[in-house]
Structures are given as structure tokens and as C-alpha cells.
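# Mind folding the following:
(2 chains)
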Amino acid sequence: AQSVAQPEDQVNVAEGNPLTVKCTYSVSGNPYLFWYVQYPNRGLQFLLKYITGDNLVKGSYGFEAEFNKSQTSFHLKKPSALVSDSALYFCAVRVIGGGYQKVTFGIGTKLQVIP
Amino acid sequence: EAGVTQFPSHSVIEKGQTVTLRCDPISGHDNLYWYRRVMGKEIKFLLHFVKESKQDESGMPNNRFLAERTGGTYSTLKVQPAELEDSGVYFCASSPRDRGGYTFGSGTRLTVV
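Numbers count the residues shown, from 1 in each chain, chains lettered A, B, ... in the order given. Reported below is the predicted structural model:
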């Protein structure tokens, strides 16, 4: 079985400061990892994904995520937070290959950027 | 390219009534998924279509939920009769065959009162 843990319900950060939203995963096999964002009253938007290669993945809106195999983590980061980054962030995982594409999501982390 | 379209965006119904949610995937995407997020909890998988066939419906909560994808294009998710615990946001997503990135719709917020 595969699972995702987002240990923080909410993350508060001051505008201009770096932000980190944590994610750890559990999967049998090589993971395919995602971050999605949900802005208020909007749908889920894709931010970035990791399959193989460079452990640091760059995505939309200046976000990046670092894959750490030994710690089974995929934390989302941004060097300088904007108030407009305030939203709900979801980490997700599935196993690469096998022909089946079901994705498992975490519970979500609310990011609040304070002006 | 048009995105994944879901409607209605919001629905408020009484317990015992029937509601049908619709999802129009991106044209050409064989894979269509339904997910649900109950307030404060994770986004949970409901089912997966490949074209018109149900690949996996292991996440469907019970037989009050019926999903269809006739002709392999749009999909409907019917809840009959609705219960209070069915309230949540229902997301639809699609992806091209053998590609792992999903495109999500904006969701339908269902409230059962």
C-alpha cells in the first residue's frame, strides 16, 4: 500500500521569508511524486513532479521540491514567500510503472503567508 | 487546450435526494478519475476509467454511488439517495494514456442537508 504524510496542518510564514511544506511518503517501488495547490474556491492545480533524475525539482510560481530517498521525503520549498501563495497544498505519490496510475494524496497543508 | 470541466460547481441537496455530477475531461484523455475530499481530510480516490471501462472502483464508498462514462467521453457520478456524510468536494481528473500527470477540474462542492 502507498501513503503520504503531511505532518503540519498549517504553516505560517512571513512574506519574503523562505517556506517549507513537509511531505513524507511510503510506497513499494520507485515513487512518482507530485505537489498540487488549491487556491480558495478553485480546483487543484499541478505545481511540480518528480520521476527520476535531479533530486531538486523546479515547478510553477517559483516553487521547488527536494526528493530525498533515504528519508522518503519530498518537501516543497520556496525561497521567498508571497501573500498570494496562501493556499492549501497537497503532496501525492504513486508507483512508477505497473500500468496503473492511481495516485494517493496527503491530507493537505494550509499555507498562510503573513504580510 | 480546454481543461477538465466539472459542473455544477456547487450543489446543495436534502438528505435522500439524488444528485448527478458531471465531468468533461480534456479531449483525447483516455484516463478519467474521480476523487473526493471530505472537509479536513485527505483527497480520496473513488474510481478510475480507461475510456468507457472501469479500471478500478475500489474507492467507491457504497452502492449509493454510480459512475458512468458512456462512449469514453464525459463521465457522471450519481449519488442516490444522498446522505449527510456524502458532503464534500468531488474532483475529477484526466490524463493521457500512459502519462502520469493529472489535470484536475475545479471540483463540485456537494452539501447534503
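
# Get me the contact residues on chain A for chain B.
A:4, A:32, A:34, A:36, A:42-46, A:49, A:51, A:90, A:92, A:94, A:96, A:99-108 (C-beta under 8 Å from any C-beta of the partner chain). Placement of C-beta: from N, CA and C, glycine included.

# residues contacting residue A:39?
A:45, A:87, A:88 (C-beta atoms under 8 Å, 6 or more residues apart in numbering or on different chains).

# most neighbours, which of the residues you listed?
residue A:87 (20 neighbours; other C-beta atoms under 10 Å in any protein chain shown).

# if I read this right, it contacts residue A:38, doesn't it?
Yes. Taking contacts as C-beta atoms under 8 Å, residue A:87 lies within contact range of residue A:38: 6.0 Å.

# Which secondary structure state is assigned to the residue nearest the centre of chain B?
By C-alpha atoms, centre = their mean, chain B has its centre lying nearest to residue B:34, at 3.5 Å. What DSSP: H, G, I helix; E, B strand; the rest coil gives for residue B:34 is strand.

# Quick one: neighbours of the residue of chain A found nearest chain B, just the number.
Nearest residue of chain A to chain B: residue A:43, at 3.3 Å (C-beta to the nearest C-beta). Residues lying near residue A:43 (other C-beta under 10 Å) number 21.

# tell me the mean pLDDT for stretch A:65-72?
Taken as a whole, stretch A:65-72 has a mean pLDDT of 95.

# ok, which stretches of chain B are strands?
Assigned by DSSP state E, the strands in chain B fall at B:5-7, B:10-13, B:19-24, B:31-37, B:43-50, B:53-56, B:65-68, B:75-79, B:88-95, B:103-104, B:108-112.

# Could you see whether chain A lies near the last one?
Meaning strand B:108-112. No. Strand B:108-112 lies apart from chain A when judged by C-beta under 8 Å from any C-beta; the minimum separation is 8.9 Å.

# For residue B:35, which non-adjacent residue is spatially closest?
Closest residue in space to residue B:35, ignoring its immediate chain neighbours: residue B:91 at 4.5 Å, by C-beta to C-beta, 6 or more residues apart in numbering or on different chains.

# Next, the contact list for that neighbour, please.
By C-beta under 8 Å, 6+ apart, the contact list for residue B:91 reads A:43, A:44, B:6, B:34, B:35, B:36, B:37, B:43, B:104, B:105, B:107.
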